[in-house]
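Asker: structure for the following, please:
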Amino acid sequence: MSRNRVMQVAIWTVALLATRLAGQQIAAEAVSPPKTQLDKITDPLVRVLVTKGLMTEYEALEIAASDSNQQRTTLALVLRKKGILTNAELENIIGPALAKSTATELALHPANLNPAPAIQPVAATAVPAPVPPATPGPSAAPQALTATPPPAPTVIAAVAPVRVLPLDPPVKDGLVPAFKAGAVKITPYGFLKATGVNDTSSPNGDDFPFVGIFLGSTSILNTGPSANPEFHLKARATRLGANFEWPDVSPKLSFTGRVEADYEGNFSEVDNRDVSSIRSNAFQLRLAYVRMDYAATNKTDVFFEGGQDWTLFGSSALPNLLETTFLGAYYGDVWERSPQIRSGFIQKLGGSRNFKFSPEVAIMMPSTGQIEKLGSLGLEGQIAQAEREGADSDRPELEARAVLQFQLDKAPAVAPAQLIWSGFYARRRSITTSSDYGTPTASCSANPEICATYQAAFPAGFTNSSKLYGNQLAVQLPTRWATLVASAYFGGDMRFFFGGQVNSFYTNTAGLSNPITFASVDGGPLAAAGAPTLGTNAAGQVVVAPQQPIRSFGGFVNLGLPLSRWFNANPKGHNAGWQLYLHAGKDQVVHSDLTNPNAGAVANTLSPLPLLMGKLYAVTLYYKVNPWCTFAVEQSIYASRLAPGINYTIAGVPSNEWQDHRTEFGPVFTF
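Answerer: Numbers count the residues shown, from 1 in each chain. This next block holds a predicted model:
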C-alpha cells in the first residue's frame, strides 16, 4: 500500500471514529452549509465532516482550495486544531518532522529565547496547546491506526522564526496532560542547556555579553594590561515550565495558563554558598499568567489575559541566538517580560494565503529601569528607580500591538509570515521631599545661600517627570529556502526594554541660572545629569528644571538558512537537522541627546561613560541529532562605541570602540 494511501486510510479512520463519538453535541454547535457550497467540496470525507458539524464550511473550502498534494495534510491539521487528533496521532499520520514544523499554528511555545526552533521551546502570547513544537514531551505512545508502520517524514522543515505570538486561539480541551491536579490539566516542559564560552574581552566578569560598561573595573574605561579574556562554563540557562488548562461547561470558553522559571538570576547570598556561589544560581520567575478565550464565531476569537508575560512592545520578534541570557540586550534587540492585563481578538480573514489579523492592547507595570549605577546598589537599586519612578507616576504603562499573518510560501513545512507593529507610552516621576533637603548634594554644598532660597520657594519639596515611549516595526518572513526576521525601533527612555545604551533621561537646564541638584526619595543620581534640579529662569522665578527622555533607535536582521533542506538531505537521516543563522544588530543613542550641553558634562547617568552605540554580528550553526538533542556553536562580535572624543584603554591602547569576540558551544536537551 502506498504512503499516500496509508495516510488517507488513517485520516478517514480517525475522522469517522471521532464523528461517532462526538454525536449531536458538536453538531448542535455548527450550521451545515448550503447545498450550493457543499457542491464545491468534492472530497466525500470532508463533506461528511461538514454535514456532521465537525468542520465548518469555511474550513472545508479552505482545504478544497489548497494544493491537491497538501489537502490531506491540511485536513489532518484542521482535525488536530479541533482536538479530534492528538499530537501523537498527528505525527503518526503526517510524520514527526512535518507535524513539528506546523506546530507554530497549534501550540503555545513555552519559552522566548530558543537557540533554534528544533532546540528548545519558544515563548508566546497564545494559549497553551498540547506539546511544544520543538519538544516531543512525555506523552503516551500513539495507538496504531493500521497494521502499516506510520509514514516517515517526506520533507525537511523550513526554518521557523522564534515567534512569540502564534495567531490561533486554543483548542478547547486540546491540552494533552502529563498529569492532572483534580480537573486541571498540566503538561510540564523545559530544556537543559550547557555551554562553554570564550570571550576575548570581558572586563565585567559576566558569563554573558553585557554592554561596554566595565563595572568590575576600578578604572571604568580601562581593561588593564590585557583585553581581559575569560572562559566560562554555565548550565544556568536551564528552563522549566508547565502549561495548564481549566475545564468549563461552555463549549465556547477556554481557560489556559502558564508558569515558567529559569536559573538565569544572580547567585544566592548565604554563608554556606559564599565559596560555592558560582554553581548556586537562583531559580526565578519568568512567566505566570492565565488566559481566557471566547469563540465568538468560527472566524473570531476574543481573549483576555492577566499575569506576567512578554510585553507587546518589542518582544514580538526575536533573533535566533545560542546566547540567550541577555539575547542581544543593548545590541539592537528590545524585549521584556512584565506584569500586565491585556485583551484583544483574532480575526480570520481567509483568502488563498489564509490571512489573519490580531490587534491587542494592554496596561503594564510602569517600569523605567533607571538606577544610579547599574550593579552597584544591589536590592536598594532594584526596588528604587527601577520600580518607584514608574509607580510614582500614578498611571499604568500603555502598550498596543497589531499583527497581520499570512502564508507567504505555500510549500510544505513552512511557517506563516507576520507583519507587526507595536508601541508603548508611559511616564516616570521623581519626588524630592522637604526631608531630602537634609541630604546635601555637591552643588548644594557649594552654594548654601542659593540652596536655602530654592528650598524656601518649595518648602514641601518638588516633583519632576518625563515620558517613555517607543514604536517598533517587525517582519517574520519564512520561506522554504530562508527565513528573515527583522526589527526596527525608535523611542525615548528605552532602558527598561534594553535599548538606548543604558541611557534613560536627562535634566535640561537650558535658560536657567544657578542650577542646583537635590536628592530624591528613590535614590536617584545625585551628581549625574538626571538629578532633580531647581534653577532661576529669565524672570527671576525659581522653577523646576524639566527632565527629558534620551532618544535612541536600532534594530536587527536575523537570517535562518535550512542547510539540510538546501542539499536535499534524507528527512529520516541524521543529516536532516543542519541550520545556519546570520545576525546583525545595532542600538544607538541620538547623538544630540548624548552630547547636549544643557544636560551637563554627559547625558549618561553612568558618568563618565557616554555610550553612543552597541553593535552585534553573529553566526550560529545548529545540528539536531534527534528531536530531543541539538548541538550548537556560535561565533559573535559584540562592540560598544563611545561618543566622539572619548576613548577606552584596551590593553594599554586608546580606542573609541571596545570589542569582544565570543565563541560559545554546547548541547541543548528538551523534554
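
Asker: what's in contact with stretch 636-643?
Answerer: Under the criterion C-beta atoms under 8 Å, 6 or more residues apart in numbering, residues 209, 211-213, 321, 323, 331, 501, 583, 591, 594-595, 602, 609-619, 648, 656-664 lie in contact with stretch 636-643. (Each C-beta comes from the backbone N, C-alpha and C, glycine too.)

Asker: contacting residues for Asn471?
Answerer: Neighbour list for Asn471: 421-423, 489-491 [criterion: C-beta under 8 Å, 6+ apart].

Asker: which of these sits closest to Ile278?
Answerer: Tyr489 (35.4 Å; C-beta to C-beta).

Asker: per-residue confidence for that closest one?
Answerer: Tyr489 is assigned a predicted lDDT (pLDDT) of 98.

Asker: parallel or antiparallel, list what pairs with the helix or strand containing Phe255.
Answerer: Counting by DSSP states H and E, the element that carries Phe255 is strand 253-262. Strand pairing for strand 253-262, using DSSP bridges, gives strand 239-246 (antiparallel), strand 284-295 (antiparallel).

Asker: highest average neighbour count across those?
Answerer: strand 239-246 (a mean of 22; mean count of other C-beta atoms under 10 Å).

Asker: tell me how far that strand lies from the chain's centre.
Answerer: 17 Å (C-alpha atoms, centre = their mean, to the nearest Å).

Asker: could you chop this structure up by domain?
Answerer: Domain assignment for the chain, taken from automatic domain parsing, gives 1-94, 186-670.

Asker: quick one: which of those domains is nearest Val176?
Answerer: Of these, nearest to Val176 by C-beta to C-beta is domain 1-94, at 5.6 Å.

Asker: and the contacts of Asn471 as TSV, adding distance to Arg47, neighbour count and secondary structure?
Answerer: Formatted as TSV, those follow (distance: C-beta to C-beta, whole Å; neighbours: other C-beta atoms under 10 Å; DSSP: H, G, I helix; E, B strand; the rest coil):
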residue	distance to Arg47	neighbour count	secondary structure
Trp421	41	16	strand
Ser422	42	26	strand
Gly423	46	19	strand
Tyr489	49	25	strand
Phe490	52	17	strand
Gly491	53	26	strand
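
Asker: pick out the shakiest of the domains of the chain, pLDDT-wise.
Answerer: domain 1-94 - the lowest mean pLDDT of those, at a mean of 60.

Asker: show me what contacts Thr238?
Answerer: 190-193, 262-263.

Asker: re earlier: quick one: which of the strands paired with strand 253-262 is nearest Cys629?
Answerer: The nearest among these, by C-beta to C-beta, is strand 239-246 at 15.8 Å.

Asker: which other residues reach the closest one?
Answerer: 108, 110-111, 120-121, 128-129, 170, 173-175, 177, 183-191, 193, 254-263, 286-287, 290.

Asker: what does stretch 441-448 give?
Answerer: Outside of stretch 441-448, the residues within contact range by C-beta under 8 Å, 6+ apart are 451, 514-519, 526-527, 531.

Asker: just the pLDDT at Val176, thanks.
Answerer: Value listed for Val176 in the pLDDT field: 85.

Asker: separation between it and Arg239?
Answerer: 21 Å (C-beta to C-beta, to the nearest Å).

Asker: and the strands in the stretch 451-600 of the chain?
Answerer: Taking DSSP state E, counting those that start in this stretch as the criterion, the stretch 451-600 of the chain carries its strands at 461-478, 483-492, 505-507, 513-517, 533-536, 542-544, 547-549, 551-561, 578-589.

Asker: and the ones you listed, which is most packed in?
Answerer: strand 505-507 (a mean of 28).

Asker: just to revisit the earlier point, Serialize the strands paired with strand 253-262 to JSON lines and add fields for distance to Glu305.
Answerer: Listed next are the strands paired with strand 253-262 as JSON lines, based on distance: least, C-beta to C-beta, whole Å:
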{"stretch": "strand 239-246", "distance to Glu305": "13"}
{"stretch": "strand 284-295", "distance to Glu305": "4"}
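
Asker: who wins for proximity to Thr536 among these?
Answerer: The nearest among the strands paired with strand 253-262, by C-beta to C-beta, is strand 284-295 at 47.6 Å.

Asker: rewinding a little: can you pull the buried residues of the strand holding Phe255?
Answerer: 254-262 (16 or more other C-beta atoms under 10 Å).

Asker: which outside residues touch that strand?
Answerer: With C-beta under 8 Å, 6+ apart as the criterion, strand 253-262 contacts 108, 110-111, 123, 127-128, 169-172, 175, 236-248, 283-295, 307.

Asker: ok, now stretch 345-354?
Answerer: By C-beta under 8 Å, 6+ apart, stretch 345-354 touches 58, 62, 65, 167-169, 296, 299-303, 355-360, 406-408, 410, 416.

Asker: which of those are buried?
Answerer: Buried among these (16+ other C-beta under 10 Å): 58, 62, 167-169, 301-303, 355-358, 360, 406-408, 416.

Asker: just the strands in the stretch 151-300 of the chain please.
Answerer: Using DSSP E, counting those that start in this stretch, strands in the stretch 151-300 of the chain cover 162-163, 179-181, 184-193, 195-199, 230-234, 239-246, 253-262, 284-295, 300-310.

Asker: report the separation between Ile220 and Gly585.
Answerer: On the measure of C-beta to C-beta, Ile220 and Gly585 end up 24 Å apart.

Asker: got it, and Phe458?
Answerer: In this view, Phe458 and Gly585 are 44 Å apart by C-beta to C-beta.

Asker: tell me the contacts of the residue lying farthest from the centre of the chain?
Answerer: The C-alpha centroid of the chain is most remote from Glu449, which lies 51.9 Å away (C-alpha atoms, centre = their mean). Glu449 makes contact with no residue, according to C-beta under 8 Å, 6+ apart.

Asker: backbone phi and psi for it, please?
Answerer: In terms of degrees, to the nearest 10, the main-chain angles of Glu449 are phi -70, psi -40.

Asker: and the closest residue to Ala317 other than its chain neighbours, what are its bridge partners?
Answerer: Spatial nearest neighbour of Ala317, excluding adjacent residues (C-beta to C-beta, 6 or more residues apart in numbering): Ala474 at 3.7 Å. When assigned by DSSP bridges, Ala474 has beta-bridge partners Ile420, Ser487.

Asker: with adjacent residues omitted, what lies nearest to Tyr437?
Answerer: Using C-beta to C-beta, 6+ apart, the closest residue to Tyr437 is Gln455 (5.1 Å).

Asker: give me the number of residues near that neighbour?
Answerer: Neighbourhood size, Gln455 [other C-beta atoms under 10 Å]: 19.

Asker: and the strand holding Phe255, C-alpha only, in PDB?
Answerer: Only the C-alpha atoms of strand 253-262 are listed here, as PDB (Å, rounded to 0.1, in the frame of the first residue of the first chain):
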ATOM      1  CA  LEU A 253     -14.900  29.300  26.600                       C
ATOM      2  CA  SER A 254     -11.300  28.100  27.100                       C
ATOM      3  CA  PHE A 255      -9.100  28.800  30.200                       C
ATOM      4  CA  THR A 256      -5.400  28.200  29.900                       C
ATOM      5  CA  GLY A 257      -2.200  29.400  31.600                       C
ATOM      6  CA  ARG A 258       1.400  29.000  32.100                       C
ATOM      7  CA  VAL A 259       4.200  29.200  34.700                       C
ATOM      8  CA  GLU A 260       7.800  29.300  33.700                       C
ATOM      9  CA  ALA A 261      11.100  30.000  35.500                       C
ATOM     10  CA  ASP A 262      14.900  29.600  34.900                       C
END
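
Asker: now that strand against strand 300-310, angle please.
Answerer: Between the axis of strand 253-262 and that of strand 300-310 there is an angle of 20 degrees, by axes from the mean of the first three to the mean of the last three C-alpha atoms, to 10 degrees.
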